[in-house]
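Engineer: One predicted model, sequence on top.
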Protein chains: 2
Amino acid sequence: MKDGPNIATLAALIGDPARANILTALMSGKALTASELAHEAGVTAQTASSHLRKLEDGALIARRQQGRHRYFTLAGDEVARALEGLMGLAATQGQLRTRTGPKDQALRTARVCYNHMAGEMGVRLYRAMQDRGTFRTTHSGLDLTPEGYDFVRDLGLDPDGLPPSRAPLCRECLDWSMRQSHLAGRLGRALLSRFEDLGWVARVPDSRILRVSRRGEKEFGRILG
Amino acid sequence: MKDGPNIATLAALIGDPARANILTALMSGKALTASELAHEAGVTAQTASSHLRKLEDGALIARRQQGRHRYFTLAGDEVARALEGLMGLAATQGQLRTRTGPKDQALRTARVCYNHMAGEMGVRLYRAMQDRGTFRTTHSGLDLTPEGYDFVRDLGLDPDGLPPSRAPLCRECLDWSMRQSHLAGRLGRALLSRFEDLGWVARVPDSRILRVSRRGEKEFGRILG
DNA sequence: TTCATGCTTCGACGCTAATCGAAGCATTGC
DNA sequence: GCAATGCTTCGATTAGCGTCGAAGCATGAA
């Protein structure tokens, strides 16, 4: 048999604890330096350097030199999606790192998934948008209806004016904590960015947790009906 | 940081070549014996036994004793989905096992993805169904429209009479070769089964390849317009 | 230039885990 | 009961890889 793509080397690459920690840290969407990642992974700089090299060779992360720092990010959307997939499976098996502490609860409420919003807030928002007829499925994927355009414009975003990229405008992303989809794609990214600008949510430093402000609570409550 | 589920142990479990081969073989959806899997993985029976034990402890596969044979299957939908996700990422990186040989081509045309149809045929079918307005998105996921019910009934299936399970009726599954979605879920499973009964497609032994019969070509051509 | 910072390379150590031969249990068939 | 088949357990070997100390190399600051 041995059909299909070779997943062994890829999975082995993710399968080391230090590298998994690095990748998880990069799921915040931020670019982090080698030293920061070494600290996240709990290993020395030398060891981290070796891991980063392997991850880069495996095309899971990308590097960007800036001065004497080297910033690393996930190589792309595809990588983030596969990682979220693994997290989803791990979560169903109770393989949670922390035994549902307060931090875990905060993660489930709202968090960053690479560059869009995930967790309960993300899923509820996506559901509310669906119930308003924001989306339609076409053969090329998820698309905005005219009502959807209005909804997005009301939030102060122009769907046609988003920064172009290879990624689709709308895409579903399976949420590991909710076991339902939330919104990803260029629109998902733009929405999170917009919510931050509006001060509805704020990133907690050194974490993927999103803190929802009082104002955010109110505004989301209005949108979610 | 160290937020979220522990993906390292899970990925490490998948990351061994022998175990990856075993899991890939089980993606055919069939239940295979320990000896068959040992052969697929290219290791001796003892080694395979050790791997199977680990996979079972990791809740990736399930065993079923039958006489003096032990049959193994994937533990569920979730596992198949995560594996397909990894294959998707691996495929984008050109990590194909066989360098696009004839076998690879056949896999891309039509194959089994756990229990539903994937590859070009699967994606084209799903697209055609979408263009006919077969589906609508609700907050609980993908659902059939009245037109969708008619479409499925015309194929000789009763959507309400499908075998019950925890899995949703309709679900998207990202196709690693096409980079687009095909249909999974209980309906996806029922459709593949129906196509086999009708003789439109047939499984190639010891492989995930689906061979489309002449009659199948004609009928699919009719459906796909 | 000189020093400090950030990262990488080299080399050596240690440990985990994959592998298989041989033996041990079950289950089935005769 | 006895032999054959299918699978697992045990034990020993081996190879690979993660790890870190020490040194090397850039870049930027003083």
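Structural biologist: Now that the structure is in, tell me what you want to look at.
Engineer: Can you show me the helices along chain A?
Structural biologist: Counting by DSSP state H, chain A forms helices over residues A:7-14, A:17-26, A:34-41, A:45-57, A:77-92, A:102-109, A:119-131, A:146-154, A:185-198, A:214-224, given from the N-terminal end onward.
Engineer: could you give the mean pLDDT of the second one?
Structural biologist: The average of the pLDDT scores along helix A:17-26 is 96.
Engineer: What is it packed up against?
Structural biologist: Applying 3 or more C-beta pairs under 8 Å, 6 or more residues apart in numbering or on different chains; DSSP states H and E, one finds that helix A:17-26 makes contact with helix A:7-14, helix A:34-41, helix A:45-57, strand A:61-66, strand A:69-74, helix A:77-92, helix B:7-14. For the C-beta atoms, the positions are set from N, CA and C on the backbone; glycine is no exception.
Engineer: residues making contact with stretch A:48-63?
Structural biologist: A:9-10, A:13-14, A:16, A:18-19, A:22-23, A:26, A:34-35, A:37-38, A:41, A:43, A:70-76, A:79, B:93 (C-beta atoms under 8 Å, 6 or more residues apart in numbering or on different chains).
Engineer: Any of these buried? List them.
Structural biologist: Restricting those to buried positions leaves A:10, A:13-14, A:16, A:18-19, A:22-23, A:26, A:34, A:37-38, A:41, A:43, A:70-76, A:79, B:93, with burial counted as 16 or more other C-beta atoms under 10 Å in any protein chain shown.
Engineer: count of residues packed around A:D77?
Structural biologist: 20 (other C-beta atoms under 10 Å in any protein chain shown).
Engineer: Okay, it and B:A48: tell me how far apart.
Structural biologist: Spatial separation of A:D77 from B:A48 under the definition C-beta to C-beta, to the nearest Å is 36 Å.
Engineer: before we move on, what about A:R127?
Structural biologist: Counting by C-beta to C-beta, the separation of A:R127 from B:A48 is 44 Å.
Engineer: And the two? Which one has more around it.
Structural biologist: For A:R127 and B:A48, the more surrounded residue by other C-beta under 10 Å is B:A48, and the numbers stand at 24 against 20.
Engineer: which ones are touching the residue lying closest to the more buried one once chain neighbours are set aside?
Structural biologist: In this structure, B:A48 finds its nearest non-sequential neighbour in B:A38, 3.5 Å apart by C-beta to C-beta, 6 or more residues apart in numbering or on different chains. B:A38 sits next to B:44-45, B:47-49 when contact means C-beta under 8 Å, 6+ apart.
Engineer: was I right about A:T47 contacting A:R19?
Structural biologist: No: under the criterion of C-beta atoms under 8 Å, A:T47 lies out of contact with A:R19, with a separation of 10.3 Å.
Engineer: who in chain A is up against DNA strand C?
Structural biologist: A:33-35, A:45-46, A:48-50, A:52-53, A:63, A:68-70 (C-beta under 7 Å from any atom of the strand).
Engineer: Confidence-wise, which of the residues you listed comes last?
Structural biologist: Looking across these, the weakest pLDDT belongs to A:R68, with 81.
Engineer: What's the local residue count around it?
Structural biologist: Based on other C-beta under 10 Å, the number of other residues close to A:R68 is 6.
Engineer: For A:A34, see how far away it is.
Structural biologist: For A:R68, the distance to A:A34 (C-beta to C-beta) stands at 11 Å.
Engineer: again, but for A:D57
Structural biologist: Separation of A:D57 from A:A34 (C-beta to C-beta): 15 Å.
Engineer: same deal with A:R208?
Structural biologist: Taken as C-beta to C-beta, the span from A:R208 to A:A34 is 20 Å.
Engineer: Next: A:A91.
Structural biologist: Distance of A:A91 to A:A34, given as C-beta to C-beta: 29 Å.
Engineer: Enumerate every residue touching A:L144.
Structural biologist: The contact partners of A:L144, by C-beta under 8 Å, 6+ apart, come to A:134-136, A:152, A:159, A:169-170, A:187.
Engineer: scratch that, A:L162
Structural biologist: Applying C-beta under 8 Å, 6+ apart, we find A:L162 in contact with A:169, A:186-187, A:190.
Engineer: how about those, which pair is most distant?
Structural biologist: Greatest spatial distance among the contacts of A:L162 (C-beta to C-beta): A:L169 and A:A190, at 9.4 Å.
Engineer: who's more crowded, those two?
Structural biologist: Legend: neighbour count by other C-beta under 10 Å for A:L169 and A:A190, higher for A:A190 (21 against 17).
Engineer: average model confidence for stretch A:170-181?
Structural biologist: Here stretch A:170-181 scores 84 as its mean pLDDT.
Engineer: how about that stretch: buried residues?
Structural biologist: Buried residues in stretch A:170-181, counting neighbours by 16+ other C-beta under 10 Å, are found at A:170-178, A:180-181.
Engineer: Just the ones of those residues in strands?
Structural biologist: Among the buried residues of stretch A:170-181, the residues falling in strands (DSSP state E) are A:171-174, A:181.
Engineer: Show me which residues of chain A are close to DNA strand D?
Structural biologist: Proximity of chain A to DNA strand D is assessed by C-beta under 7 Å from any atom of the strand, with A:16-18, A:43-44, A:46-47, A:50-51, A:54, A:67-68 identified as the residues in range.
Engineer: Tell me which residues touch the most centrally placed residue in chain A, please.
Structural biologist: Residue closest to the average C-alpha location in chain A (C-alpha atoms, centre = their mean): A:C113, at 1.7 Å. A:C113 sits next to A:27, A:80, A:84, A:122, A:173, A:175, A:182, A:184, A:208 when contact means C-beta under 8 Å, 6+ apart.
Engineer: Domain parsing of chain A, as residue ranges.
Structural biologist: Per the record's domain assignment (automatic domain parsing), chain A is made up of the domains A:7-75, A:98-224.
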